[in-house]
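Colleague: generate a structure from the sequence data that follows.
(one chain, ligands or ions: 9)
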Amino acid sequence: MPQPENILDNGGKVIVRTHRLSFKGRGIRATLLSLLLLACGYMTLAADAKKDETVPVAKMRKNDLTPIPDLQKPVSAHSPYQDGDCSLCHQNKDRTNPGAIIKQVNALCLDCHDDFGKVMARKYSHVAARVNCVSCHNPHNAKQPKLLVEESGALCLSCHTAISNLVTNAKVKHDALTSDAKCLNCHNPHAANVEHLLTRLPYDLCVGCHGKDGIKDQDGKVLTNMKKLLAENPEQHGPVAGKDCSACHTPHGGNNFRLLTKEYPAQFYSPYDPKLYDLCFDCHESSMVKDAKTTTLTKFRNGDQNLHYVHVNKDERGRTCRACHEVHASKQKHQIRDAVPYGKTGYMLKVNFTQTATGGSCAQTCHLTRSYTNSVVPLVPKKTDSDLPKSP
Ligand code: HEC
Ligand code: HEC
Ligand code: HEC
Ligand code: HEC
Ligand code: HEC
Ligand code: HEC
Ligand code: HEC
Ligand code: HEC
Ligand code: HEC
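Modeller: Residues are numbered from 1 along each chain as shown. Ligands and ions are numbered 1, 2, ... in the order given. I've put the predicted structure just below:
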């Protein structure tokens, strides 16, 4: 497993998408592959192809930039304008007839704001800011702070119509876009050293907000403190160890449970339908839950009996992956969780998974202690499924 630092130290490029893994009996490796692909620029190509499907974003905004009369109580005012000498920027001193401006707009702004030259020279700069500062700022005064022509969230959405559509219509919304500084919670409006104008690496942004107890989702359900979870559970899932939260989550809102990029069942039990696991099987081989018998597709098998199939592949009450795996991080290997919520109260019942050299066992939770061996000979005589006591 490459160090996360290696993954991130890619000049601000942070999209490390982990590609389909195939399980061939022993370890699996894909992160290295994705790094290679990244180095070859494949990721950038893929991202560009995706972008092309969306409506082009306007590069400029036409604003009424006429100075706002003092009677209308502007919230911010530009000091050179306040000084009253229109000729700092216009051809004439005359307030009633200032005439055209003396230079192309951005050159004019950067003359005084020379520190902004450095800002705009960061690795990634905003097309809108490169093209025209007055798409967003009134050079005289404004009814918004920082000379903004419109409230900042609405300002961003006025050009970014695809995201505006998500903010309004997504089934699962993300308050990060509409609370506090809105888009600026994560983005710099001018330029940044992290890809996509992000103020910090996405992982740090996500964990920054999701490092508190008591954040509630749209239905009032309290969300896990991710910072604490990650600190207390050393066995991190591949993409989480790679600090790539966006491998599975869309930041701006979406139609899947928990802002996931692909489908994943919302409930503990679910009738088996491979489509519901698109998220997991985007990277893992779906054959691991499809074939009843195997000696190669999974190590969660007893001899040749596929225990992933036994648990997941059911017409009713199939156990979803979360019955056994904690998708972000766990204390046990293989992302096996310590406990599962039981019944209506959500009381946490210990799973008691024990790893052995050739398999493992689960004790006294969903059923009496059961062991499996992933050598070819089964460890215990097979029982039929109907022997299983009722699970939580
Ligand atoms: C800091 C520079 C700056 C100063 C100082 C300044 N302006 Fe402007 N002004 C601009 C820019 C930039 C534009 C936009 C020009 C463009 O887009 O072509 C503008 C446009 C205007 C417009 C046209 C508005 C529109 O929507 O087309 C008026 C009217 C105007 N200024 C009046 C004034 C007056 C009066 C003063 C002095 C009291 C003044 N300006 C001082 C930078 C300045
Ligand atoms: C003649 C010099 C001059 C020019 C030209 C100029 N600015 Fe400024 N600008 C200033 C000064 C001085 C301040 C106040 C600096 C401070 O408070 O740190 C300022 C402040 C600002 C602020 C912050 C306002 C606030 O409320 O905090 C913005 C935004 C800004 N300028 C945008 C622009 C844009 C956009 C242009 C080009 C259209 C421009 N400036 C051109 C001198 C200039
Ligand atoms: C896409 C909209 C947008 C464009 C284009 C844009 N800005 Fe800004 N600018 C903002 C926003 C939003 C803020 C407020 C940031 C904040 O509150 O943290 C801001 C803040 C500023 C400030 C105040 C910084 C401070 O820390 O107080 C200055 C100065 C400024 N912009 C200058 C410029 C210059 C110069 C350009 C052109 C090179 C430009 N802006 C183009 C959106 C824009
Ligand atoms: C005047 C229109 C306009 C406004 C207003 C605007 N943008 Fe943009 N933005 C653009 C354009 C054009 C692009 C480049 C689009 C592309 O490459 O497909 C862009 C690109 C971006 C990108 C992607 C950069 C990347 O490398 O992928 C981000 C992030 C972004 N804008 C954020 C914002 C935020 C935050 C605001 C509000 C402060 C904002 N934009 C306001 C026009 C605008
Ligand atoms: C919670 C953090 C967060 C907030 C808040 C946020 N973004 Fe983003 N944004 C991201 C991340 C992370 C990416 C990179 C996406 C990826 O890696 O797939 C991104 C990418 C983008 C892009 C380029 C790719 C694309 O999807 O088009 C644009 C444009 C953009 N954001 C605009 C906005 C606007 C406009 C807002 C406010 C309405 C906003 N963002 C709010 C985190 C955020
Ligand atoms: C491999 C895919 C994957 C990655 C990578 C991932 N997540 Fe998740 N995340 C999920 C899934 C699946 C769920 C739903 C879990 C469930 O309900 O069983 C989820 C749920 C969540 C939730 C809701 C938790 C709750 O209490 O219900 C938050 C918050 C979250 N993820 C944040 C993050 C952050 C922050 C990162 C990066 C550190 C991240 N995720 C990385 C797949 C992922
Ligand atoms: C500015 C703070 C902030 C940032 C940054 C942030 N979040 Fe959130 N997030 C929230 C809040 C508040 C909620 C709860 C309200 C809601 O669901 O929108 C939430 C909810 C969520 C949920 C559950 C959504 C649901 O309703 O099922 C997931 C998953 C999530 N965030 C993932 C992420 C990921 C991944 C990132 C980084 C790209 C991130 N968040 C960055 C504030 C933030
Ligand atoms: C973006 C790609 C990606 C997605 C999506 C993904 N995984 Fe993974 N998964 C990985 C990587 C990479 C590893 C680490 C493999 C390694 O280290 O050999 C891994 C490892 C695992 C492991 C531990 C394997 C072991 O033996 O230690 C489990 C269990 C697992 N994933 C379950 C899931 C589940 C359940 C889902 C869906 C909720 C899922 N994964 C979605 C990439 C992904
Ligand atoms: C009943 C518990 C259980 C359920 C439900 C379950 N797993 Fe597993 N899984 C395990 C155990 C135990 C292992 C460890 C096998 C070993 O190496 O001994 C494992 C291993 C894995 C591995 C590592 C490779 C392998 O197959 O050995 C992946 C990937 C994985 N599971 C993904 C998933 C996905 C995706 C789902 C949901 C579709 C899922 N699991 C559902 C118990 C479960």
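Colleague: any idea of the pLDDT on the residue in the chain sticking out farthest from the centre?
Modeller: When distances to the mean C-alpha position of the chain are computed (CA atoms, centre = their mean), the maximum falls on D94, with 52.7 Å. Predicted confidence (pLDDT) for D94: 92.
Colleague: just P2 next, same as before
Modeller: In this model, P2 is scored at 33, pLDDT.
Colleague: close enough to count as contact, H174 and R258?
Modeller: No: H174 is beyond contact range of R258, at 10.2 Å (criterion: CB atoms under 8 Å). Glycine gets a C-beta too; all of them are placed from N, C-alpha and C.
Colleague: the two: which is more packed in?
Modeller: Of the pair H174 and R258, H174 is the one with more neighbours under other CB atoms under 10 Å, namely 19 against 14.
Colleague: partner residues bridging the residue in the stretch 51-200 of the chain that ligand 9 sits nearest to?
Modeller: With CB to the nearest ligand atom, the shortest gap between the stretch 51-200 of the chain and ligand 9 falls at V172, namely 20.9 Å. For V172, the beta-bridge partners under DSSP bridges are G254.
Colleague: wait, it sits on P251?
Modeller: No: assessed by CB under 8 Å, V172 is found out of contact with P251, at 11.7 Å.
Colleague: right, is stretch 334-347 up against ligand 9?
Modeller: Yes: under the criterion of CB under 6 Å from any ligand atom, ligand 9 is reached by stretch 334-347 at H334, I336.
Colleague: Provide the contact partners of that stretch at residue level.
Modeller: The contact list for stretch 334-347 (CB atoms under 8 Å, 6 or more residues apart in numbering) reads 235, 237, 268, 322-327, 329-332, 348-351, 353, 355, 365-366, 392.
Colleague: returning to that earlier point: and the residue nearest to the residue farthest from the centre of the chain when sequence neighbours are not counted, what pLDDT?
Modeller: In space, and not counting its chain neighbours, D94 is closest to C86: 7.0 Å by CB to CB, 6 or more residues apart in numbering. C86 is assigned 97 on the pLDDT scale.
Colleague: can you pull the contacts of C86?
Modeller: The contact partners of C86, taken as CB under 8 Å, 6+ apart, are N92, K93, D94, R95, P98.
Colleague: contact partners for the second one?
Modeller: Under the criterion of CB under 8 Å, 6+ apart, the neighbours of K93 are D85, C86, S87.
Colleague: got it, and the fourth one?
Modeller: Neighbouring residues of R95 by CB under 8 Å, 6+ apart: G84, C86.
Colleague: correct me, but T294 touches V310?
Modeller: No: using CB under 8 Å, T294 makes no contact with V310, being 11.5 Å away.
Colleague: okay, those two: which has more neighbours?
Modeller: In terms of neighbours (other CB under 10 Å), V310 is the more surrounded of T294 and V310; the figures are 20 against 16.
Colleague: hmm, the helix or strand hosting that one touching ligand 9?
Modeller: Following DSSP states H and E, one finds V310 within helix 307-312. Yes: counting by CB under 6 Å from any ligand atom, ligand 9 has neighbours in helix 307-312: H308, H311, V312.
Colleague: the second one and R301: what is the separation?
Modeller: It refers to H311. Distance, H311 to R301, by CB to CB, to the nearest Å: 11 Å.
Colleague: out of those two, which sits in the busier spot?
Modeller: R301 (25 against 21).
Colleague: any idea what that one is bridged to?
Modeller: Under DSSP bridges, the beta-bridge partners of R301 are N306.
Colleague: what values do phi and psi take at the residue nearest to D94?
Modeller: In terms of degrees, to the nearest 10, the main-chain angles of C86 are phi -60, psi -20.
Colleague: go ahead and confirm G318 touches V312.
Modeller: Yes: applying CB under 8 Å, one finds G318 in contact with V312, separated by 5.1 Å.
Colleague: list residues touching both of these two?
Modeller: In contact with both G318 and V312: Y272, using CB under 8 Å, 6+ apart.
Colleague: so which strand or helix has K118?
Modeller: Using DSSP H and E, K118 sits within helix 115-120.
Colleague: how about that helix: buried residues?
Modeller: Applying a neighbour-count criterion of 16 or more other CB atoms under 10 Å, one finds F116, M120 buried in helix 115-120.
Colleague: so it, near ligand 2 or not?
Modeller: No: under the criterion of CB under 6 Å from any ligand atom, helix 115-120 makes no contact with ligand 2; the nearest approach is 8.4 Å.
Colleague: which residues touch that helix?
Modeller: Against helix 115-120 from outside (CB under 8 Å, 6+ apart): C109, L110, A129, R130, H190, A191.
Colleague: hmm, stretch 143-162 in reach of ligand 7?
Modeller: No: Stretch 143-162 does not reach ligand 7 (CB under 6 Å from any ligand atom); its nearest approach is 12.5 Å.
Colleague: any idea which element V167 lies in?
Modeller: Using DSSP H and E, V167 sits in helix 161-169.
Colleague: what separates that helix from the chain centre, distance-wise?
Modeller: Distance of helix 161-169 from the chain centroid (CA atoms, centre = their mean, to the nearest Å) equals 17 Å.
Colleague: what do you get for stretch 113-125?
Modeller: Here stretch 113-125 is found 27 Å from its chain centre; the criterion is CA atoms, centre = their mean.
Colleague: now swap in stretch 302-311 and tell me
Modeller: Using CA atoms, centre = their mean, the offset of stretch 302-311 from its chain centre is 33 Å.
Colleague: compute the first-to-last residue distance for it.
Modeller: One end of stretch 302-311 sits 13 Å from the other (CA to CA, to the nearest Å).
Colleague: mind checking which helix or strand the residue nearest to V149 when sequence neighbours are not counted is in?
Modeller: Nearest non-adjacent residue to V149, counting by CB to CB, 6+ apart: N63, 4.6 Å away. Assignment of secondary structure by DSSP H and E places N63 within no helix or strand.
Colleague: isn't N63 up against C133?
Modeller: No: contact status for N63 versus C133: not in contact, 11.2 Å apart, counting by CB under 8 Å.
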